[in-house]
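Visitor: sequence plus the predicted model coming up.
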Amino acid sequence: MPLQKEISKFLLKILDKNIYTTFLPKLTNRNSSKMNQNNYKVPDECEFIFLHVPKTGGMTINHIIDEINKKHKSTKILRGGHNPISIFYSPNEKKYFTVVRDPIERIFSYYRMSLNDKKQTYHYLAKKSLYHFVAYCPEAQNIYCKYFSGDTEKVINSDLYTLAKLNAQNFYQILNFANLEENLKNFFNKIGEQEIIITNLNKSSNNLLIKDDDKKIIEFYNQYDCELYKFLKENNYLE
């Protein structure tokens, strides 16, 4: 069976690379107990759930969460594992928090990481072009709306956008990536964790020089995320 699985992965990888499908990532996600799952549960003592959207400082935050949980010898905060909100806990039942970054900057940063690292799942797309990366990479298309609505596999429409926006308004906290270090200190101080050390892991610049044509490509495939970001920013949900 392991040999058959490896052969299947190899064939899917070749298929994805040549016709720009995403069979291998979807297979990997479906077989994972941690990534992109919306059916996770948390211990009773867990007070907060961190939604880790890719390229929003999640490695830094997860490191802090690990230290806090170690100190309390319990799961006070569920670390982020690239998952949407859980079907078992609405934002009215558990205290979700997340980091929101300008969608255009987030995706361009994700593209550059994928382009420069051959081990990245979507390196084969990034190597082709930014267009191929955004057009065929599921995590480069309205991922905020997918995470906030609760399902990373669905294509976002107006109904799911409305649900994502409603859930976001009920999150315990939405941190602004543009001023992440200060916002992290304020957030953890707010929940009673004053003595935290912020170590910038996997840090990348949020002052990316993006060409106008590249912005248009990203905007075209992320209209709902751009609209959600605009709404959260204009209505002071980003702290």
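Guide: Perfect, I can see it now. Residues are numbered from 1 along each chain as shown.
Visitor: may I see the buried residues of the longest helix seen in the chain?
Guide: What stands out as the longest helix in the chain, according to DSSP state H, is helix 2-19. Residues of helix 2-19 classed as buried by neighbour count (16 or more other Cβ atoms under 10 Å): 12, 16. Placement of C-beta: from N, CA and C, glycine included.
Visitor: pull the CA atoms of that helix into CSV?
Guide: In CSV, the C-alpha atoms belonging to helix 2-19 read as follows (Å, rounded to 0.1, in the frame of the first residue of the first chain):
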residue,chain,number,x,y,z
PRO,A,2,2.7,2.6,0.8
LEU,A,3,4.3,1.9,-2.6
GLN,A,4,1.0,2.4,-4.4
LYS,A,5,0.5,5.7,-2.5
GLU,A,6,3.9,6.9,-3.5
ILE,A,7,3.3,6.0,-7.1
SER,A,8,0.0,7.8,-7.0
LYS,A,9,1.6,10.9,-5.6
PHE,A,10,4.3,10.8,-8.2
LEU,A,11,1.8,10.5,-11.0
LEU,A,12,-0.4,13.3,-9.6
LYS,A,13,2.6,15.6,-9.3
ILE,A,14,3.5,15.0,-12.9
LEU,A,15,-0.1,15.6,-13.9
ASP,A,16,-0.4,18.8,-11.9
LYS,A,17,2.9,20.1,-13.2
ASN,A,18,1.9,19.7,-16.9
ILE,A,19,-1.8,20.7,-16.9
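Visitor: pLDDT on it, on average?
Guide: The average pLDDT for helix 2-19 rounds to 73.
Visitor: would you map the helices across the chain?
Guide: Going by DSSP H, the chain shows helices at 2-19, 23-31, 58-72, 103-116, 123-128, 130-136, 143-149, 158-169, 180-190, 212-220, 223-234.
Visitor: would you mind finding the most buried of the ones you listed?
Guide: helix 143-149 (a mean of 27; mean count of other Cβ atoms under 10 Å).
Visitor: ok, back up a step: worst average pLDDT in the helices of the chain?
Guide: For the helices of the chain, the bottom mean pLDDT is recorded on helix 23-31, which sits at a mean of 62.
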